[in-house]
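Undergrad: got a structure for you, letters missing:
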């Protein structure tokens with residue numbers, strides 16, 4: 001009798017232990033499932049895309065002030081627009097058809113472009129500022145690794161220098177970094193906001209932008225910046241400012257100094273950005289993907305920032 005009772009008690013204890021373990025296991029499983037769901041929801045958070053690319057629009061050269069016309073090729077594309085009517089004629093020659101064979105008599109539309117590789121928002125490869133980078137062959141634009149063109153971004157607000165045509169000094173960069181409590185880290189994309197994209201391309205004020213001095217370009221590169229971007233039309237000081245300084249001093253260091261300063265650094269310059277005011281100072285990703293043009297010193301790019309919505 002005692003033996004049977006002990007057996008029953010043992011079986012009951014085993015059942016209780018089993019049930020307790022099952023409940024405990026079920027609770028642990030539920031917690032793991034909930035944690036996984038939370039991680040998935042966080043990972044699936046939508047991204048906001050911000051276009052940082054300047055609109056390319058053809059503008060008649062006669063609308064530019066005379067002193068700006070030498071810069072026309074890096075500012076405006078020459079576009080031949082082939083509309084649907086002309087496209088129908090081209091398709092007729094190819095297919096041996098007539099307009100009545102095409103939907104509403106329309107053919108395809110297309111455009112013929114004549115542009116500089118440094119037109120609009122574009123990426124400068126190291127080949128642009130020298131045949132060598134630290135005594136090694138400089139990269140052309142199609143040789144830039146894609147991983148070098150998708151980076152963490154930081155915006156430095158130098159809009160107080162707008163309309164000055166001044167040189168951007170190291171102290172300006174340090175002040176802008178202190179204002180956002182940030183330290184540049186390796187492989188950052190540093191984007192300089194001058195505010196000059198607010199002016200139309202035919203407005204002379206668009207061309208009085210602050211530009212990077214040699215010492216400042218080197219300082220950014222040595223902090224670890226991989227992409228140096230600006231919403232100004234040029235990375236260096238405006239050409240008239242550099243020319244005046246060179247002629248006044250006779251010092252060749254004033255000639256295209258922002259670009260030449262990077263000959264020993266594998267950095268990429270991105271010019272003519274737009275819409276930087278739509279970005280936070282930091283905490284976003286940005287892509288700079290240029291056309292894959294063989295042997296080129298630069299190529300136009302669609303630059304896009306990725307923000308957590």
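TA: Happy to help now that I have it. What you see is a predicted model; the values in this text were computed from it and never measured.
Undergrad: just the helices in this structure please.
TA: 2-43, 84-95, 170-179, 214-223, 239-249, 257-260 (DSSP state H).
Undergrad: so which bits of the fifth one are buried?
TA: Read it as helix 239-249. Buried residues in helix 239-249, counted by 16 or more other C-beta atoms under 10 Å: 241, 242, 245, 246. Yep, even glycine has a C-beta here, placed from its N, CA and C like the rest.
Undergrad: so the last one touches residue 256, yeah?
TA: Right, the one you point to is residue 246. No - using C-beta atoms under 8 Å, residue 246 is not in contact with residue 256, being 9.7 Å away.
Undergrad: distance check, residue 283 against residue 197.
TA: According to C-beta to C-beta, to the nearest Å, residue 283 stands 22 Å off from residue 197.
Undergrad: scratch that, residue 56
TA: 13 Å.
Undergrad: the more surrounded of these two?
TA: Between residue 56 and residue 197, residue 197 has the larger neighbour count (other C-beta atoms under 10 Å), namely 23 against 16.
Undergrad: so what's that one up against?
TA: 54, 231, 272, 273, 274, 275, 276 (C-beta atoms under 8 Å, 6 or more residues apart in numbering).
Undergrad: wait, the first one sits on residue 276?
TA: No - because the distance of 11.2 Å does not satisfy C-beta under 8 Å, residue 54 is recorded as not touching residue 276.
Undergrad: on that earlier part again, same list, the buried residues of helix 239-249, but as a markdown table with distance to residue 156 please.
TA: Compiled in a markdown table, the buried residues of helix 239-249 are given as follows (distance: C-beta to C-beta, whole Å):
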| residue | distance to residue 156 |
| --- | --- |
| 241 | 20 |
| 242 | 22 |
| 245 | 24 |
| 246 | 27 |
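Undergrad: ranges for the strands of the stretch 101-250 of the chain?
TA: 110-114, 122-124, 132-133, 136-137, 150-157, 167-168, 188-193, 211-212, 227-230 (DSSP state E, counting those that start in this stretch).
Undergrad: what packs against the third one?
TA: When you say that, I think you mean strand 132-133. With contacts taken as 3 or more C-beta pairs under 8 Å, 6 or more residues apart in numbering; DSSP states H and E, strand 132-133 sits against no other helix or strand.
Undergrad: what's in contact with it?
TA: Here strand 132-133 has contacts from 126, 138, 139, 263, 264, 265, 266, using C-beta under 8 Å, 6+ apart.
Undergrad: could I have the buried ones of these as ChimeraX selection syntax?
TA: Buried residues within those, by 16+ other C-beta under 10 Å, are selected in ChimeraX with:
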select :126,138,139,265,266
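Undergrad: what sits against residue 140?
TA: Residues in contact with residue 140, defined by C-beta under 8 Å, 6+ apart, are 125, 127, 294, 295, 296, 297.
Undergrad: so the first one sits right up against residue 144, yeah?
TA: So the one you mean is residue 125. Yes - assessed by C-beta under 8 Å, residue 125 is found in contact with residue 144 at 6.0 Å.
Undergrad: now render the strands of the stretch 101-250 of the chain as TSV, adding mean pLDDT.
TA: Shown next, in TSV, are those (pLDDT from 0 to 100):
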stretch	mean pLDDT
strand 110-114	97
strand 122-124	98
strand 132-133	97
strand 136-137	96
strand 150-157	98
strand 167-168	98
strand 188-193	98
strand 211-212	98
strand 227-230	98
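Undergrad: and the closest residue to residue 239 other than its chain neighbours, how far from residue 260?
TA: Excluding the flanking residues, the one nearest residue 239 by C-beta to C-beta, 6 or more residues apart in numbering is residue 71, at 7.9 Å. Distance of residue 71 to residue 260, given as C-beta to C-beta: 19 Å.
Undergrad: for residue 246, same thing?
TA: 13 Å.
Undergrad: can you redo the strands of the stretch 101-250 of the chain as a markdown table with distance to residue 205 and mean neighbour count?
TA: Formatted as a markdown table, these follow (distance: least, C-beta to C-beta, whole Å; neighbours: other C-beta atoms under 10 Å):
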| stretch | distance to residue 205 | mean neighbour count |
| --- | --- | --- |
| strand 110-114 | 27 | 11 |
| strand 122-124 | 22 | 27 |
| strand 132-133 | 35 | 16 |
| strand 136-137 | 40 | 10 |
| strand 150-157 | 19 | 21 |
| strand 167-168 | 18 | 26 |
| strand 188-193 | 16 | 25 |
| strand 211-212 | 15 | 28 |
| strand 227-230 | 16 | 26 |
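Undergrad: would TSV of those with distance to residue 290 be doable?
TA: Output for the strands of the stretch 101-250 of the chain, formatted as TSV (distance: least, C-beta to C-beta, whole Å):
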stretch	distance to residue 290
strand 110-114	15
strand 122-124	4
strand 132-133	18
strand 136-137	19
strand 150-157	13
strand 167-168	24
strand 188-193	14
strand 211-212	20
strand 227-230	12
